[in-house]
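Chemist: Requesting a structural model of the entry that follows:
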Amino acid sequence: DILRCPHDLKEQHEKSLCPHGVVCQAKIELFPSTSSSSRAYSGLLTPNTTLDHCLIRLSSGIKPPSLELKNPVTRAILRATGDKLRKAKLFPAAAIKIFRDKNAPSGNMLFAGSKVG
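Modeler: This is a model prediction of the structure:
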């Protein structure tokens, strides 16, 4: 069953960055490559393929992340982005989860931004 991959389950996992959002099922159609380069994408993002089993989640953080977070990676990102992210009034985010066949881990992408003003 495609929605029961053991790699995608986390027991008692609480979303702390963007706890509120909406999720929908999606099918992603990748355009053919327009480049004649021999370095085309392969694997999950192979041009001219269709990814039939995807989830898209749109959300916003209750408040923008601050240096008070305990995760050292998150704190390093906040320091690197300067005041833009720390002074944000809104923290929109989008995530895409692409399920693969059998027991392979899903492909995941996270996009986040900030609105200051």
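Chemist: and the helix or strand containing Ile56, what does it pack onto?
Modeler: Here Ile56, judged by DSSP states H and E, is contained in strand 50-60. Strand 50-60 sits against strand 20-29, strand 92-98, with contacts defined as 3 or more Cβ pairs under 8 Å, 6 or more residues apart in numbering; DSSP states H and E. In this view, the C-beta of every residue, glycine as well, is placed from N, C-alpha and C.
Chemist: List the residues that contact Ile96.
Modeler: The contact partners of Ile96, by Cβ atoms under 8 Å, 6 or more residues apart in numbering, come to Ala26, Ile28, Cys54, Leu55, Ile56, Arg57, Asn108, Met109.
Chemist: what about 6 Å?
Modeler: By Cβ atoms under 6 Å, 6 or more residues apart in numbering, the residues touching Ile96 are Ile56, Met109.
Chemist: Can you tell me how far it is from Thr34?
Modeler: Noted for Ile96: a distance of 22 Å to Thr34, by Cβ to Cβ, to the nearest Å.
Chemist: same thing with Leu78?
Modeler: For Leu78, the distance to Thr34 equals 37 Å [Cβ to Cβ].
Chemist: Counting neighbours, go ahead and name the busier of those two.
Modeler: Taking other Cβ atoms under 10 Å, Leu78 and Thr34 do not tie; Leu78 has more neighbours (20 against 7).
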